[in-house]
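Engineer: have a look at this fold, sequence not included:
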């Protein structure tokens, strides 16, 4: 089964029976099920269809990856999102609910039929082993779809193994959060026993790179550690705000009493996964250079170009990242696909530290907001750039395009810098141009400086990482700080991420609260735009605190004024949006159409 995760093969019959909704049109595909599973290729295509519902982190505009960034303080859209505008409702719900349940159904059908004695898989030399492996993959994927569902919507309906028929009772209540978590973890444990340590070429025993992204024991452990971290977090572990979240029969859906031991279990799971990953050859991706700053920059840039093979734990081999790059491109880049819409607010920009590792508002940071530098930094910014962009940490230059910075792609002929003031090469052209960032900043992360958007040169194959080792390091540091503050491993693993990023290690001696703040900011910066911030600020319950604030005024540069790089009028912090937050946004509403079908399934609390 080649390239299953590349999502290149999608059997048409998968979609004839699963397009409309939760268990709709079951008879259509069930009529041909025996025929499908008598054929080895079609059976494998069916499993490819289960993988096919996994989101593309860098291209998906729904509620994964990029879509999540648009629903948090990571991005500032031209028009406010439904959450930012305060208009999200069950009638305008963000719907991945249907898609993920379709995937669960496909997995159930696959597991119910793959052992069919008539299947050609049994005629293969290793047929029984393949059936065992494929069953494990489907079982894990089903559990993972449930995991993606409950992170967004809270507890959902667990349908078990049975493939529903037209006469089945679909009036089913939500299971509790605990029931969902216990089921997901148990199913992942069962799947782990069936999937391989790694995928190999049978004839040689070498790693089979064509199977990259297929489920392995390490992937299962990594996702389990993530599940346990979330389950230990304040939003889901003893949150009295959910007291009224009950089924129609009065059954309590969320945990109202905190269990502190969950942090220790999450820490142990993360550490075991790290040890397993490192024993399997995984490591933080690093590039050496005599200049520590360049070493950090090249490591962080290269991580998404080629470093995924070192650091990636679960990899998606095919990603439509070209969409991301085009939306991150200022008009100073060569080509016409320079959409310039991935704009980030000043509040996100300000989270990046200085090169000495201090926050910009911290004593001794040496941050200067007034004035302009007389010195260019080759390949990063030109002379005359605002001092607010000088001496920042390496990730700032890897992740943010600002006024005076070098062009993140192959530039237009004769262009040496990005200009966001009105008449600049990437500005709003005094109101006649729509392709410009409303805050004066564009995201630069996961872009390729060698890419020519006109000719496609430099458009290298670039897989996406669902989970990478740096996330596991931060998961472990967080859970350990909550369960055993002061343990030396907290700093060991936090500092590994910091020093790879080119900033100093944190010295011992901080209390638990100060360490928590450091870890939370580190996750914000290190994992930006990878689908974490949206969940993190919610599970930590910090949406009303300064560090995680999601409501009120957000700012940027004054992109509608200024006549040059050194015009101070441009650099005035200017309100770009006013966002609204309701506590019900901690979880998303189910599509009302689904609630209307199932009278026993209550809507998410607050909608």
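Structural biologist: That came through fine. All values reported here derive from a predicted model rather than from experimental measurement.
Engineer: tell me how far stretch 588-600 lies from the chain's centre.
Structural biologist: Centroid displacement of stretch 588-600 relative to its chain, using C-alpha atoms, centre = their mean, to the nearest Å, is 26 Å.
Engineer: how about the helices in the stretch 51-200 of the chain?
Structural biologist: 66-70, 97-113, 127-153, 177-192 (DSSP state H, counting those that start in this stretch).
Engineer: reformat the ones you listed as TSV; add mean pLDDT, distance to residue 59 and mean neighbour count.
Structural biologist: The way it works is simple: take the backbone N, C-alpha and C, and place the C-beta from them, glycine included. TSV is the format used below for those (pLDDT from 0 to 100; distance: least, C-beta to C-beta, whole Å; neighbours: other C-beta atoms under 10 Å):
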stretch	mean pLDDT	distance to residue 59	mean neighbour count
helix 66-70	86	7	23
helix 97-113	95	15	22
helix 127-153	96	17	22
helix 177-192	98	26	18
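Engineer: and for residue 61, the neighbour number?
Structural biologist: Residues lying near residue 61 (other C-beta atoms under 10 Å) number 13.
Engineer: which residues does it contact?
Structural biologist: 67, 70 (C-beta atoms under 8 Å, 6 or more residues apart in numbering).
Engineer: the closest residue to residue 140 other than its chain neighbours and residue 107: what is the separation?
Structural biologist: Closest residue in space to residue 140, ignoring its immediate chain neighbours: residue 191 at 3.6 Å, by C-beta to C-beta, 6 or more residues apart in numbering. Residue 191 sits 11 Å away from residue 107 when distances are taken as C-beta to C-beta, to the nearest Å.
Engineer: mutual contacts of those two, please.
Structural biologist: Looking at what touches both residue 191 and residue 107 (by C-beta under 8 Å, 6+ apart), the common residues are residue 139.
Engineer: re earlier: closest one to residue 312 among the helices of the stretch 51-200 of the chain?
Structural biologist: Residue 312 lies closest, by C-beta to C-beta, to one member of the helices of the stretch 51-200 of the chain: helix 127-153, at 16.5 Å.
Engineer: which neighbouring elements make contact with the closest one?
Structural biologist: Judged by 3 or more C-beta pairs under 8 Å, 6 or more residues apart in numbering; DSSP states H and E, the packing partners of helix 127-153 are helix 40-52, helix 97-113, helix 177-192, helix 217-232.
Engineer: how far off helix 217-232 does that helix point, in degrees?
Structural biologist: 20 degrees (axes from the mean of the first three to the mean of the last three C-alpha atoms, to 10 degrees).
Engineer: would you map the strands across this structure?
Structural biologist: Along the chain, the stretches classed as strands by DSSP state E are 312-316, 400-401, 442-443, 464-468, 552-556, 574-579.
Engineer: of those strands, which is nearest residue 77?
Structural biologist: Among these, the nearest to residue 77 by C-beta to C-beta is strand 574-579 (8.3 Å).
Engineer: list the buried residues in the closest one.
Structural biologist: Neighbour counts using 16 or more other C-beta atoms under 10 Å place 574, 576, 577, 579 of strand 574-579 among the buried residues.
Engineer: quick one on the thing from earlier: and the strands of the chain as JSON lines, adding distance to residue 279 and mean pLDDT?
Structural biologist: Below are these laid out as JSON lines (distance: least, C-beta to C-beta, whole Å; pLDDT from 0 to 100):
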{"stretch": "strand 312-316", "distance to residue 279": "13", "mean pLDDT": "96"}
{"stretch": "strand 400-401", "distance to residue 279": "36", "mean pLDDT": "98"}
{"stretch": "strand 442-443", "distance to residue 279": "35", "mean pLDDT": "98"}
{"stretch": "strand 464-468", "distance to residue 279": "17", "mean pLDDT": "96"}
{"stretch": "strand 552-556", "distance to residue 279": "44", "mean pLDDT": "97"}
{"stretch": "strand 574-579", "distance to residue 279": "45", "mean pLDDT": "96"}
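Engineer: quick one: contacts for the nearest residue to residue 127 once chain neighbours are set aside?
Structural biologist: Spatially, and ignoring its direct neighbours in sequence, residue 127 is nearest to residue 121 (4.8 Å; C-beta to C-beta, 6+ apart). Taking C-beta under 8 Å, 6+ apart as the contact definition, residue 121 lies against 40, 43, 114, 127, 130, 131, 134.
Engineer: and which of those residues is nearest to residue 304?
Structural biologist: Minimum distance to residue 304 across those is 30.4 Å, recorded for residue 134 (C-beta to C-beta).
Engineer: run a quick check on that closest one versus residue 48, I expect a contact.
Structural biologist: No: Residue 134 is beyond contact range of residue 48, at 10.6 Å (criterion: C-beta atoms under 8 Å).
Engineer: please enumerate the helices of the stretch 301-450 of the chain.
Structural biologist: Taking DSSP H, counting those that start in this stretch as the test, the helices found in the stretch 301-450 of the chain are 308-311, 321-328, 346-349, 394-399.
Engineer: could you tell me the least trusted of the ones you listed?
Structural biologist: If the helices of the stretch 301-450 of the chain are sorted by mean pLDDT, helix 321-328 sits at the bottom with a mean of 92.
Engineer: what are the contacting residues of that helix?
Structural biologist: 58-59, 66, 337-342, 401, 408-409, 442-444, 446-448, 451, 453, 459, 462, 464.
Engineer: if we go to 6 Å?
Structural biologist: By C-beta atoms under 6 Å, 6 or more residues apart in numbering, the list of residues contacting helix 321-328 from outside reads 58, 59, 337, 339, 341, 342, 442, 443, 447, 462.
Engineer: check stretch 203-222 too.
Structural biologist: 2, 5, 137, 140, 188, 191-192, 195, 197-201, 273, 276-277, 280, 313-317, 467.
Engineer: pull out the buried positions in that stretch.
Structural biologist: So, applying 16+ other C-beta under 10 Å, buried residues of stretch 203-222: 210-222.
Engineer: end to end, how far does it reach?
Structural biologist: By C-alpha to C-alpha, to the nearest Å, the extent of stretch 203-222 from end to end equals 29 Å.
Engineer: stretch 283-296 too?
Structural biologist: End-to-end for stretch 283-296, by C-alpha to C-alpha: 15 Å.
Engineer: equivalent analysis for stretch 389-402, please.
Structural biologist: End-to-end span of stretch 389-402 (C-alpha to C-alpha): 8 Å.
Engineer: ok so, going back, with distance to residue 510 and neighbour count added, can I get the contacts of helix 321-328 in JSON lines?
Structural biologist: Below are the contacts of helix 321-328 laid out as JSON lines (distance: C-beta to C-beta, whole Å; neighbours: other C-beta atoms under 10 Å):
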{"residue": "58", "distance to residue 510": "35", "neighbour count": "24"}
{"residue": "59", "distance to residue 510": "39", "neighbour count": "18"}
{"residue": "337", "distance to residue 510": "46", "neighbour count": "15"}
{"residue": "339", "distance to residue 510": "42", "neighbour count": "17"}
{"residue": "341", "distance to residue 510": "39", "neighbour count": "21"}
{"residue": "342", "distance to residue 510": "34", "neighbour count": "27"}
{"residue": "442", "distance to residue 510": "34", "neighbour count": "27"}
{"residue": "443", "distance to residue 510": "31", "neighbour count": "25"}
{"residue": "447", "distance to residue 510": "34", "neighbour count": "25"}
{"residue": "462", "distance to residue 510": "37", "neighbour count": "18"}
